[in-house]
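1. with the input below, show me the fold.
(one chain, ligands or ions: 3)
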Amino acid sequence: MNTGSITARRLLGRIHELGDIGRDEAGRLVRLAASDTEKLGRDRLLAWLREAGLQIAIDRIGNIFGIWAPESAGGNAALMLGSHIDTVINAGIYDGCYGVLAGLEVIETLKSAGFQPARPVVVAAFTNEEGVRFAPDMMGSLVYTGSLAVDEALATIGTDGAVLGAELERIGYAGAMEPGFLIPHAYIELHIEQGPVLAREGQSIGAVTDLQGISWQKVTVAGDANHAGTTPMSMRRDAGHAAARVVTFLRERVRASNAPTVATVGCMAFEPNAINVIPSRATFTVDLRDPDEARLQGEEAALADFLQRIAAEEQVEVHVERLARFQPVRFDSNIVTLIEKTAQARGLACRRMISGAGHDAQMIARIAPSAMIFVPSIGGISHNPREHTPEADLIAGANVLLDVVTSLASH
Ligand code: HGY
Ligand code: MN
Ligand code: MN
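-> Residues are numbered from 1 along each chain as shown. Ligands and ions are numbered 1, 2, ... in the order given. A predicted model of the protein is given here:
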């Protein structure tokens, strides 16, 4: 059945409306998981789900589901769409939100077209995909698959000292459903690429075959505070310098290899953080990623060896806390092929690719055949207010999602 095309004005309007919810006094978009600003975004999404006539379900980790289960769907396993609406700090408006709102748009388009799905169609907004306030990232979908116990996740303490479960209670999103209450027949996530490939090649659609492995660690270096003016260089236990050596080690090691490995130190804090005091403590994070599991393990081992060397040479103590570790994921080849054929049928340039970013699909792939559809990010920019995808690409991606859903929900 040809179910036409999505209603562009409605989708684009919602993306911008949600993109305005949760801005701080400086105008930055900050909707960290289970925060007051994220609550506002959740409330808005819930209103749209209700207006669409969907059945609402919220599970214990705060994952939100809008369920369309007409009589034609019978008791069959649902087709699940979705992504997330929490953001990083000073975020763009498309990351995650585009996939959730396009999923809702597809359901509304199918309903208006009088389509009778052979299975329920569900749109999900997973809790804490970004992992900025509470580690690990993709937490809501990870719990949903049963890979992380919900009570353990709810006990997670955030970077601000808050406890996730108490925060979900406080914002009114500690749901009743057990995570995993609905095991999907398949899961499709539409998302901006957040990288430079599609835009650089002039492609409209990415059919994502794989998603790379992710390793998050928090490193604490303990040295000695001392006077910046009186302490000879040979007598210092400088935690700040030790940390800086790690940053440089990571960059130089990855640069020297011609592997696709990426390494990022995104957070760093010194104590006491005073201009004339040698840092007694440095705390920083390391984000390592690679499409190849063995190579990723090799990078983790090289870092561990270097940290031991640093401890000896700088006479500091080093402590490492693992925050997240996800292996590379291969998506369902049949759905990837369907995405490619669907894009081509719409006359859209499409290529297969690997995802550099983590996504909820990486987790849901553990319980159901899953795949992702990418649309271009101009300049490859993301996790940045300059994140941008042209309207024509946003519409094209949503129409490809519509056609894939129509196909997968027809039987
Ligand atoms: O870290 C990631 O790749 C995702 O944005 N959470
Ligand atoms: Mn995302
Ligand atoms: Mn993100």
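2. from now on I want contacts and neighbour counts done on CA atoms only, so please keep to that.
-> Will do.
3. domain-wise, how is this protein divided?
-> As recorded under automatic domain parsing, the domains making up the chain are 8-212+329-408, 219-326.
4. so what's Ser382 up against?
-> Neighbouring residues of Ser382 by C-alpha atoms under 8 Å, 6 or more residues apart in numbering: Ala91, Gly92, Asp95, Gln194, Gly195, His388.
5. and Ala52, by the same measure?
-> Glu108.
6. enumerate the residues of this protein near ligand 2.
-> Asp95, Gly96 (C-alpha under 5 Å from the ion).
7. re earlier: now for the contacts of Ser382, which pair is the farthest apart?
-> Ala91 and Gly195 (14.9 Å; C-alpha to C-alpha).
8. quick one: low-confidence parts of the stretch 251-400 of the chain?
-> Applying pLDDT under 70 to the stretch 251-400 of the chain flags no residue at all.
9. and the helices in the stretch 201-350 of the chain, which stretches?
-> Here the stretch 201-350 of the chain has its helices, by DSSP state H, counting those that start in this stretch, at 239-256, 293-314, 333-345.
10. show residues contacting the shortest one.
-> With C-alpha under 8 Å, 6+ apart as the test, helix 333-345 has contacts from 205, 207-209, 349-352, 369-373, 400, 403-404.
11. tell me the residue of the stretch 101-250 of the chain that sits nearest ligand 1?
-> Glu130 (3.8 Å; C-alpha to the nearest ligand atom).
12. just checking, which of the contacts of helix 333-345 belong to strands?
-> Among these, the ones falling in strands (DSSP state E) are Ile205, Ala207, Val208, Thr209, Cys350, Arg351, Arg352, Ser370, Ala371, Met372, Ile373.
13. who wins on neighbours among those residues?
-> With neighbours defined as other C-alpha atoms under 10 Å, the most crowded of these is Met372; it has 31 neighbours.
14. ok, it - contacts?
-> Met372 neighbours (C-alpha under 8 Å, 6+ apart): Ile188, Glu189, Leu190, His191, Ala207, Val208, Thr209, Phe331, Val336, Ala361.
15. using the three-state scheme, assign the residue of the stretch 101-250 of the chain closest to ligand 1.
-> Three-state assignment for Glu130 (DSSP: H, G, I helix; E, B strand; the rest coil): coil.
16. pull the number of nearby residues for it.
-> Glu130: 26 neighbours (other C-alpha under 10 Å).
17. just checking, it touches Asp86?
-> Yes. The criterion here is C-alpha atoms under 8 Å, and Glu130 meets it with Asp86 at 6.7 Å.
18. and for these two, which residues touch both?
-> With C-alpha under 8 Å, 6+ apart, Glu130 and Asp86 have common neighbours Ala33.
19. got a pLDDT number for Ala125?
-> Looking at Ala125, its pLDDT is 98.
20. before we move on, what about Arg170?
-> 98.
21. which of the three states applies to it?
-> helix.
22. separation between it and Leu154?
-> Distance, Arg170 to Leu154, using C-alpha to C-alpha, to the nearest Å: 13 Å.
23. more neighbours: which of the two?
-> Counting neighbours by other C-alpha under 10 Å for Arg170 and for Leu154 shows that Leu154 has the greater number, 20 against 14.
24. quick check: the gap between the nearest residue to that one once chain neighbours are set aside and ligand 2.
-> Leaving aside its chain neighbours, Leu154 sits nearest to Gly165 (4.2 Å; criterion: C-alpha to C-alpha, 6 or more residues apart in numbering). Noted for Gly165: a distance of 22 Å to ligand 2, by C-alpha to the ion, to the nearest Å.
25. and Gly165, how many residues sit next to it?
-> For Gly165, the neighbour count with other C-alpha under 10 Å is 22.
26. now swap in the one 10 residues further on and tell me
-> If you count neighbours by other C-alpha under 10 Å, Gly175 ends up with 17.
27. now do the contacts for it.
-> Gly175 makes contacts with Ala57, Ile58, Asp59, Arg60, Ile61, Gly62, Asn63, as judged by C-alpha under 8 Å, 6+ apart.
28. just checking, the third one touches Gly172?
-> No. With contact defined as C-alpha under 8 Å, Asp59 does not count as touching Gly172 (11.7 Å).
29. hmm, who's touching stretch 19-28?
-> With contacts defined as C-alpha under 8 Å, 6+ apart, stretch 19-28 is touched by 29-31, 37-38, 40-41, 89-94, 385.
30. from those residues, which is closest to His241?
-> Closest to His241 out of the contacts of stretch 19-28 is Ile89 (26.9 Å), distances taken as C-alpha to C-alpha.
31. where's the closest residue to that closest one other than its chain neighbours relative to ligand 2, distance?
-> Nearest-residue entry for Ile89: Val30, 4.9 Å, with adjacent residues in sequence omitted and distances by C-alpha to C-alpha, 6+ apart. From Val30 across to ligand 2, the span is 14 Å (C-alpha to the ion).
32. surely Val30 touches Val88?
-> Yes. Val30 is within contact range of Val88, at 6.3 Å (criterion: C-alpha under 8 Å).
33. ok, Ile367 touching Ile183?
-> Yes. Assessed by C-alpha under 8 Å, Ile367 is found in contact with Ile183 at 7.0 Å.
34. what's the closest of the contacts of helix 333-345 to Asp305?
-> Of all the contacts of helix 333-345, the one with the least separation from Asp305 (C-alpha to C-alpha) is Thr209, at 33.0 Å.
35. point out the residues in the chain that sit beside ligand 1.
-> For the chain, the contact set with ligand 1 under C-alpha under 6 Å from any ligand atom comprises Glu129, Glu130, Asp137, Ala357, Gly358, His359.
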